[in-house]
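Give me a model of this one.
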Amino acid sequence: MGVTHDPPKLPPGQQWVAPGKWPPMGERAPRQDDAPWRVQLAGLVGDPFSLSLAELSSLPQDERTIDIHCVTRWSKPAVRFAGVSLAALLNRAGPTAEARFISFTARSDRQHSTSLRLDDALALESLVALSADGEPLAVERGGPVRLVVPRRYFYKSLKWLERIELLAEDRLGFWEQTAGYHNEADPWQEQRYIASGLSKAEARAILSARSVAGRDLLGLQAAGLDLSGLQAAGALLRDADFRGSRLQGACFDGANLTNAHFAGADLRGASFREADLEGADFSGADLRGACLRAASFVAASFFDADLPAGPRALLDPTTDLDAAVLEQLTLPQQAFLRQALRLPAEEASE
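Okay, the predicted model is just below:
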């Protein structure tokens, strides 16, 4: 008999992407720069240095096969990365006794960065990767060189790596500072975001005007409220809780609703045009007459795949949804929406 292997396990709140899919996230290309690409190792080290891509490629190459877990609730199993171990680079540089943290900076227009405790970066067997699944890293995947940190949400695996710096004190990265992403990023503990700074009373006071357009309200607590006609265009509402709320005719056009909770909400006639709905949960929500045109749906869910008898979103042909976006969803979610919207299978795959 052949050897059987247990399927990879999912951290809480995650779902596997469809086979062969790797959703592109964030910026698609590095900063335009005529300078030759080098990865610099600096800061609290005895021997700072930099390496060209050719020099990195000539060093002994390690492999890490990891499951990617994106903070927006999708996971991709068993991606095989190859490159130079971070430990090998640090051994050459010689961290000083004061070095306790390590910061990584990208060659991007916004100089994206992230950081880790130095001990964690080593214990997690971080890799400066040059390839994935036997092929050079594509630009949109962080190529030609990226950081790979196993067992952490993938925003810690910085694309387009250009600088590694050892520090005595932590320096929060781009997403941790601007989007409230958790600095530890352990998917098994669901460390997606820092706690919201708003109390329920403060949230209700803000919502009483029925307008949060353009505001940044991470983790907004708005469950069970009557918010019909809410104006939220362009708002930053990552991880917002609208479970069971009445949101008929609400406008979320262009809003960032990453990981937002809409389970059981009344969203009849609401507009989500060009909204970021990655990882959003619509289980049991009423989406009849809602506009979802040009929205991003990577890892969004309309029912809980682990609860086959659980509540499912209510959609019908009045729900305005681009059939092409179904490709962003997992196969069970795609099948459900095709049936609910009465779409032929061939149209959904265009």
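
Wasn't residue 27 part of a helix?
No - using DSSP: H, G, I helix; E, B strand; the rest coil, the assignment for residue 27 is coil, not a helix.

so what's the closest residue in space to it that isn't next to it in sequence up against?
Counting by CB to CB, 6 or more residues apart in numbering, residue 27 lies nearest to residue 108, which is 6.0 Å off, once chain neighbours are set aside. For glycine as for every other residue, the C-beta is placed from the backbone atoms N, C-alpha and C. Contact analysis of residue 108 by CB atoms under 8 Å, 6 or more residues apart in numbering lists 27, 30-31, 159-160.

Kindly state the domain boundaries assigned to the protein.
15-176, 193-350 (automatic domain parsing).

which one of those domains is the most hemmed in?
domain 193-350 (a mean of 19; mean count of other CB atoms under 10 Å).

what about the strands in this protein?
Secondary structure of the chain by DSSP state E: the strands cover 15-16, 38-43, 49-52, 62-69, 74-85, 101-106, 113-117, 127-132, 135-136, 146-148, 161-167.

nearest residue to residue 49 other than its sequence neighbours?
Residue 49's closest residue in space is residue 41 (CB to CB, 6+ apart), at 5.8 Å.

beta partners of that neighbour?
Under DSSP bridges, the beta-bridge partners of residue 41 are residue 49, residue 164.

Identify whichever of the domains of the chain lies nearest to residue 187.
Closest to residue 187 of those, according to CB to CB: domain 15-176, at 4.2 Å.

Report the mean per-residue pLDDT for the closest one.
Per-region confidence: domain 15-176 scores 96 on mean pLDDT.

and that domain, how far apart are its ends?
By CA to CA, to the nearest Å, the extent of domain 15-176 from end to end equals 23 Å.

And that domain, how far out from the chain middle?
With CA atoms, centre = their mean, to the nearest Å as the basis, domain 15-176 stands 16 Å off its chain's centre.

can you check stretch 304-314 too?
On CA atoms, centre = their mean, the centre of stretch 304-314 falls 23 Å from the chain's centre.

Could you export the domains of the chain to JSON lines, including columns for distance to residue 185?
As requested, those are exported to JSON lines (distance: least, CB to CB, whole Å):
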{"stretch": "domain 15-176", "distance to residue 185": "4"}
{"stretch": "domain 193-350", "distance to residue 185": "10"}
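
For residue 237, see how far away the nearest residue in space to residue 96 that is not next to it in sequence is.
Nearest residue to residue 96 in three dimensions, chain neighbours excluded: residue 44, at 4.5 Å (CB to CB, 6+ apart). Distance from residue 44 to residue 237, counting by CB to CB, to the nearest Å: 39 Å.

Residue 76 too?
26 Å.

Under the pLDDT cut-off, which ranges of the stretch 201-350 of the chain? List them.
Within the stretch 201-350 of the chain, the stretches with pLDDT under 70 are 345-350.

Farthest pair within the contacts of residue 108?
Going by CB to CB, the pair spanning the contacts of residue 108 furthest: 31 and 159, at 11.3 Å.

So residue 72 is in contact with residue 298, correct?
Yes - with contact defined as CB atoms under 8 Å, residue 72 counts as touching residue 298 (6.1 Å).

which neighbours do the two share?
Common neighbours of residue 72 and residue 298 (CB under 8 Å, 6+ apart) are 25, 278-279.

all helices of the chain, in order?
Ranges of helices in the chain, per DSSP state H, are 53-58, 86-93, 118-123, 174-178, 200-207, 331-341, 345-348.

and residue 144, which of these is closest to it?
helix 53-58 (5.6 Å).

who's in contact with the closest one?
So helix 53-58 is contacted by 37-39, 83-84, 128, 130, 144-145 (CB under 8 Å, 6+ apart).
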